[in-house]
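Asks: just to be clear, the model below is a prediction. Sequence and coordinates:
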Amino acid sequence: MGGGLELSRGPTMKEKLVIIGSGPAGWTAAIYAARANLDPVVFEGAGSRTMIPGGQLMFTTDVENYPGFPGGVTGPEMMMAFRQQAERFGTRIFTEDVVKVDFSVYPRRIETNMGKVVEADAVIVATGANAKWLGVPGEEHLARTGGGVSACAVCDGALPFFRDKTLAVVGGGDSAMEEAIYLTNFAGKVLLIHRRDSFRASRIMAERALENPKIEVMWNTVVKSVHGEEEIRGLRVADTVSGEERDVEVGGLFVAIGHEPNSGFLDGQLELRDNGYIHPAEPGRTATNVPGVFAAGDVIDDYYRQAITAAGTGCMAALEAERWLAHGGIEQDVAVGAA
Ligand code: NAP
């Protein structure tokens, strides 16, 4: 992405609002907050070999279901446009990771991988979730280049690329069932590859998948590698019981082995659900159990996981933060708490 501001290790920064994360939720929160004169700072992430600022959309080729783009748009182009829109209203952007937070103090304290220390009146956590990948040869390359490997059937399954082909789905949970069933709308055939001999999925979802004539289950099977240079051609699979390996021709691979919310850096300072996603203080709101700390996007959402829903909760978080600050922020909370 480039364009991050110069890094400085100067004195502690004092900010009204810090937004952590740079997917649709983070940028939308920044656009709303900047237009409300909150002068937000975004920590967009430092980037690494497998993580790039911009969130999961940076791994998505064509986005066809985001309203407003009748001809579609690529994920990276879309995130660049979100980022530019946030910058246009004065958002300050740092290409750094937040590695530590202290929500026991006020203002809230945030530290980055570059040693920057920020004190913030309000914070929006929009760090997203990552699809888990198999980590086998060929997978990452073809996922990055739009060569037919994806972790989201709802996002990518309807693309012409996948039409009428034999597609593989890996996983044995509800996501894998849902993705396999969804893909039967487009695919010639769906191979559902699972490493054990029974599904983890709910009974009703498993039954639906098993009853679908277009779905063939490959039990006790793991993917060893993904073949194809520019486009996926097939998979090397192994039988976990006999150890036997063979090649299977497929025109697409959908990895559906779960997601992981990026909530580890919070070090238990926000209330989380059992699966690691942030638990909003009230249903349908973005405020967390810590006053002045809000959460938006996939880090609070293990259900919809869409760019449009993430952008929606990013907007909500900015509005809630703005109102919280306008109504006296922590002082009001303390007064209410003391009453
Ligand atoms: P999940 O329930 O954790 O299932 C992950 C599946 O992937 C498991 O079958 C697991 O195998 C397999 N797996 C994990 N790592 C693997 C690896 N490295 N290689 C091969 N296979 C691997 O995840 P999920 O399906 O995404 O569901 C997450 C939550 O969302 C669940 O609570 C689910 O009920 C819910 N959900 C609900 C719906 C719905 O109701 N419509 C739809 C989607 C998700 P093992 O079984 O052997 O561990």
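Replies: Alright, I've got the coordinates.

Asks: for stretch 104-118, what is the average pLDDT?
Replies: Mean pLDDT, stretch 104-118: 95.

Asks: quick one: buried residues of that stretch?
Replies: Applying a neighbour-count criterion of 16 or more other CB atoms under 10 Å, one finds Tyr106, Pro107, Arg108, Arg109, Ile110, Glu111, Thr112, Lys116, Val118 buried in stretch 104-118. In short, each C-beta sits where N, CA and C put it, glycine included.

Asks: equivalent analysis for stretch 299-316, please.
Replies: When burial is assessed from 16+ other CB under 10 Å, stretch 299-316 yields the following buried residues: 299-301, 305-307, 309-316.

Asks: for the stretch 101-250 of the chain, give me the ranges with low pLDDT.
Replies: For the stretch 101-250 of the chain, no stretch has pLDDT under 70.

Asks: might one say that Asn289 is in contact with Gly268?
Replies: No - counting by CB atoms under 8 Å, Asn289 does not reach Gly268; the two are 11.5 Å apart.

Asks: which one's more surrounded, the two?
Replies: Neighbour count, other CB atoms under 10 Å: between Asn289 and Gly268, Asn289 has more, with 14 against 8.

Asks: excluding its backbone neighbours, what's nearest the more buried one?
Replies: Spatial nearest neighbour of Asn289, chain neighbours left out: Glu271 (4.3 Å); criterion: CB to CB, 6 or more residues apart in numbering.

Asks: now for the closest residue to Gly171 other than its chain neighbours: which residues touch it?
Replies: Nearest residue to Gly171 in three dimensions, chain neighbours excluded: Ala256, at 3.9 Å (CB to CB, 6+ apart). By CB atoms under 8 Å, 6 or more residues apart in numbering, Ala256 lies in contact with Ala151, Ala153, Val169, Val170, Gly171, Gly173, Ser175, Ala176, Glu178, Glu179, Ala180.

Asks: what's the answer for Lys16, then?
Replies: Applying CB under 8 Å, 6+ apart, the residues contacting Lys16 are Leu38, Asp39, Pro40, Ala120, Asp121, Ala122, Leu325.

Asks: now swap in Leu134 and tell me
Replies: Val170, Val223, Val255, Ile257.

Asks: distance-wise, check Val99 relative to the ligand.
Replies: Distance of Val99 to the ligand, given as CB to the nearest ligand atom, to the nearest Å: 27 Å.

Asks: helix or strand: which one has that residue?
Replies: strand 98-102 (DSSP states H and E).

Asks: centre of the chain to the helix or strand following that strand, how far?
Replies: Remark: after strand 98-102, the chain's next helix or strand is strand 108-112, criterion DSSP H and E. Centroid separation between strand 108-112 and its chain, computed with CA atoms, centre = their mean, to the nearest Å, is 22 Å.

Asks: and strand 108-112, what does it pack against?
Replies: Contact here means 3 or more CB pairs under 8 Å, 6 or more residues apart in numbering; DSSP states H and E; on that basis strand 108-112 packs against strand 13-20, strand 98-102, strand 117-125.

Asks: ok, now with 10 Å
Replies: strand 13-20, strand 41-43, strand 98-102, strand 117-125 (3 or more CB pairs under 10 Å, 6 or more residues apart in numbering; DSSP states H and E).

Asks: for the second one, which residues meet the burial criterion?
Replies: Think strand 41-43. Under 16+ other CB under 10 Å, the buried positions of strand 41-43 are Val41, Val42, Phe43.

Asks: helices or strands up against the helix or strand just after it?
Replies: Next along the chain after strand 41-43, taking DSSP H and E as the criterion, comes strand 62-63. Using 3+ CB pairs under 10 Å, 6+ apart as the contact test, the elements touching strand 62-63 are strand 73-74, helix 75-88, helix 153-156.

Asks: just checking: what are the partner strands of the strand holding Val99?
Replies: Sheet pairing of strand 98-102 (DSSP bridges) gives strand 108-112 (antiparallel).

Asks: count of neighbours near Glu96?
Replies: Here the number of neighbours of Glu96 (other CB under 10 Å) works out to 21.

Asks: make that Pro160, sorry
Replies: So Pro160, with other CB under 10 Å, has 8 neighbours.

Asks: got the phi/psi numbers for it?
Replies: Dihedral angles of Pro160 (phi, psi; degrees, to the nearest 10) stand at phi -50, psi -30.

Asks: tell me the contacts of it?
Replies: Shown in contact with Pro160 (CB atoms under 10 Å, 6 or more residues apart in numbering): Asp62, Phe186.

Asks: number of nearby residues for the spatially closest residue to Gly172 that is not a sequence neighbour?
Replies: Nearest residue to Gly172, sequence neighbours excluded (CB to CB, 6+ apart): His194, at 4.0 Å. By other CB under 10 Å, the residues close to His194 number 23.

Asks: swap in the one 5 residues further on?
Replies: Summarising burial for Phe199: neighbours were counted as other CB under 10 Å, giving 22.

Asks: sorry, back to before: only whichever of the contacts of Lys16 are buried, select them in PyMOL.
Replies: Typed into PyMOL, the line below selects the buried ones among those, using 16+ other CB under 10 Å:
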select buried, resi 38+40+120+121+122+325
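
Asks: filter the contacts of Lys16 by proximity to the ligand?
Replies: Among the contacts of Lys16, none lies close to the ligand by the criterion of CB under 6 Å from any ligand atom.

Asks: out of the contacts of Lys16, flag the one nearest to the ligand.
Replies: Ala122 (30.2 Å; CB to the nearest ligand atom).
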